[in-house]
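>>> Make a model of this:
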Amino acid sequence: MFEKFTKFFVPENKESASDYRTKIGIFQGWISVMVNTILFGLKLTIGLMAGAVSVIADAFHTLADVIGSAVVIWGFHQSKKPADPSHPFGYGRAEYIATLVIAVFLGVAGVEFVQASFERILFPSPINPEWWMIYILGFTVIIKEVTARYGEFLSKKIASGTLHADAWHHRSDALSSLLVVVALIAGKMGYMSLDGWAGLGVALFILWTGLKIAQGAIDDLLGKPPTEGELEEIRAMVGSIEGVLGVHDITIHTYGHEKFISMHVEINANETPSRAHDISERVEDIVYEEYGVEPTVHMDPIQPDHPTVKDLQDYLQAYSESEDRITNIHDIRVVDTDEHHVILFGINFAADIGQAQMLSCESEIKESVKSSFSGFEVEIKISPMHRY
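Have a look, this model is predicted:
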């Protein structure tokens, strides 16, 4: 049903995925604005007529949804703007700002209604709503849950954290309205203080929802690590290219729906410059076909046929398998001349260990390699935490 409804209003034409994604986001934003505006008017009217603080709080929760949905529309409008000299990575992260603004509105509304609810708990006043008021509020619960489920459907369709936040905004409103309905029924039975307690419950739920949404938006703005699935997919994809001996130090930046990727690719040091260039071009092509972005590729020449390198690879592989702090050892090279005898390699550490543990582990593995390969100096390069 949701799919047919969406295709009727937003048909899939011959347009880019980015343009279609923007249309879906704006479409959902306008649906939310219209639904919430109508429900805000209904709830506020009933709340004032019944003198119920819980209903008035719920009405302004819905008003926050209206403002939040307007921000969603703004965010998607901004995110489709092309890159410019001031913003060379584009405006994709405007979505995250929109999500954070929604969370702030929820937080402000929650704090205000905590205060109002405590006043009603301390100084309860009689409320006697008509049954038709309760029926209407009950119907708004159904409307908000349907809107939330549709928002969740669209968020999955275009992989949007902003629409996911907006969907939960609707669901929080549905749950708070259900709580208010229960409080109104209790009020008709003479339990006046339940109006204040229901308002407090709504306010706390608003605060919790806002906190969770803000946490997700802040994580996106600061930059989240890629999933292990993404990393394995890139490693397998690039590793399948002829001439590629290994891939490491993968970095992925996300700006909205756009990704920017860089990586280090290991090739045989005996490859000619033109052959190395061809390999890097193939890496760029295959990643572009999958992700729609041309990666930055750094070529690392290694010596897989060098006898000491072979022994060193076996030794370091066995060492890393027994060491939980190390996730990858790469770029293994040996300089063995009359004047220089040096072993060089890089290490990726697990993300959950601290600087002191890194330095301790580096010292341990350096001494271990020195003792096993006497006569060689050992130089280790530790990759930054954002490289995998």
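
>>> residues near residue 337, how many?
7 (other C-beta atoms under 10 Å). C-beta here means a position set from N, CA and C on the backbone, and glycine is covered the same way.

>>> where along the chain do the helices fall?
Along the chain, counting by DSSP state H, helices occupy 2-9, 17-50, 53-79, 94-122, 131-158, 161-188, 194-222, 228-239, 273-291, 307-321, 355-372.

>>> now for the ones you listed, which one comes closest to residue 299?
helix 273-291 (5.4 Å; C-beta to C-beta).

>>> Columns mean neighbour count on top of the helices of the chain, output as TSV?
Output for the helices of the chain, formatted as TSV (neighbours: other C-beta atoms under 10 Å):
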stretch	mean neighbour count
helix 2-9	11
helix 17-50	19
helix 53-79	24
helix 94-122	20
helix 131-158	18
helix 161-188	24
helix 194-222	20
helix 228-239	14
helix 273-291	15
helix 307-321	15
helix 355-372	14
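
>>> could those helices go into TSV alongside distance to residue 334?
Listed next are the helices of the chain as TSV, based on distance: least, C-beta to C-beta, whole Å:
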stretch	distance to residue 334
helix 2-9	59
helix 17-50	47
helix 53-79	49
helix 94-122	46
helix 131-158	50
helix 161-188	47
helix 194-222	39
helix 228-239	23
helix 273-291	20
helix 307-321	5
helix 355-372	11
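
>>> Against residue 75, how distant is the spatially most central residue of the chain?
Closest residue to the average C-alpha location of the chain: residue 220 at 4.9 Å, with C-alpha atoms, centre = their mean. Applying C-beta to C-beta, to the nearest Å, the value for residue 220 to residue 75 is 12 Å.

>>> who touches both of those two?
Here residue 220 and residue 75 have residue 99 as joint contacts, going by C-beta atoms under 8 Å, 6 or more residues apart in numbering.

>>> Now residue 2: closest residue in space that isn't a chain neighbour?
Among residues not flanking residue 2 along the chain, residue 153 sits closest, at 4.6 Å (C-beta to C-beta, 6 or more residues apart in numbering).

>>> mind listing what that neighbour touches?
2-3, 6.

>>> contacts for stretch 255-263?
18, 21, 79, 89-96, 158-159, 234, 238, 247-254, 283, 287, 291-293, 295-298.

>>> Only C-alpha atoms, please: export that stretch in PDB.
Once non-C-alpha atoms are left out, stretch 255-263 reads as follows in PDB (Å, rounded to 0.1, in the frame of the first residue of the first chain):
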ATOM      1  CA  TYR A 255      28.400  13.600   3.400                       C
ATOM      2  CA  GLY A 256      24.700  12.800   3.400                       C
ATOM      3  CA  HIS A 257      24.300  10.100   0.800                       C
ATOM      4  CA  GLU A 258      27.600  10.800  -0.800                       C
ATOM      5  CA  LYS A 259      30.900   9.000   0.000                       C
ATOM      6  CA  PHE A 260      34.500   9.900  -0.400                       C
ATOM      7  CA  ILE A 261      37.000   7.000  -0.200                       C
ATOM      8  CA  SER A 262      40.700   6.700  -0.100                       C
ATOM      9  CA  MET A 263      42.900   3.700   0.300                       C
END
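
>>> Please state the offset of it from the chain centre?
Centroid separation for stretch 255-263 versus its chain: 13 Å, with C-alpha atoms, centre = their mean, to the nearest Å.

>>> Okay, buried residues for stretch 295-310 please.
295, 297, 299-300, 302-303, 306, 308-309 (16 or more other C-beta atoms under 10 Å).

>>> model confidence over stretch 63-83, on average?
Taken as a whole, stretch 63-83 has a mean pLDDT of 75.

>>> ditto for stretch 190-203
Mean pLDDT, stretch 190-203: 74.

>>> please begin residue numbering at 139 from this point
From this message on, residue numbering opens at 139, which makes the last subject stretch 328-341.

>>> Other residues contacting that stretch?
190-192, 195-196, 199, 247-252, 254-260, 262-265, 314, 317-318, 320-322, 324-325.

>>> you'd agree residue 503 is up against residue 510?
No. The pair residue 503 and residue 510 fails to qualify as a contact (C-beta atoms under 8 Å) at a distance of 10.6 Å.

>>> Residue ranges in the stretch 289-438 of the chain under the pLDDT threshold?
330, 333, 394-395 (pLDDT under 70).

>>> Could you rerun that using 90?
289-412, 414, 416, 421-438 (pLDDT under 90).

>>> Next one: residue 460 relative to residue 427, how far apart?
For residue 460, the distance to residue 427 - C-beta to C-beta - is 38 Å.

>>> picking that back up, now the two most distant members of the buried residues of stretch 433-448.
Pairwise distances across the buried residues of stretch 433-448 (C-beta to C-beta) peak at 31.7 Å, for the pair 433 and 446.

>>> Residue 235 is in contact with the residue nearest to the centre of the chain, correct?
No. Using C-beta under 8 Å, residue 358 is not in contact with residue 235; the gap is 9.6 Å.

>>> Tell me who's in contact with the residue nearest to residue 474 when sequence neighbours are not counted.
Excluding the flanking residues, the one nearest residue 474 by C-beta to C-beta, 6+ apart is residue 446, at 6.5 Å. Listed by C-beta under 8 Å, 6+ apart, the contact partners of residue 446 are 472, 474, 481, 511.

>>> Dump those to JSON lines, plus distance to residue 524, neighbour count and pLDDT.
Below are the contacts of residue 446 laid out as JSON lines (distance: C-beta to C-beta, whole Å; neighbours: other C-beta atoms under 10 Å; pLDDT from 0 to 100):
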{"residue": "472", "distance to residue 524": "28", "neighbour count": "20", "pLDDT": "83"}
{"residue": "474", "distance to residue 524": "33", "neighbour count": "15", "pLDDT": "74"}
{"residue": "481", "distance to residue 524": "26", "neighbour count": "22", "pLDDT": "85"}
{"residue": "511", "distance to residue 524": "31", "neighbour count": "17", "pLDDT": "84"}
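
>>> Now, those residues that are in strands?
When DSSP state E defines the strands, the subset of the contacts of residue 446 inside them is 472, 474, 481.

>>> Could you check how far the first one is from residue 521?
In this structure, residue 472 lies at 20 Å from residue 521, with C-beta to C-beta as the measure.

>>> Nice, that's everything, thank you.
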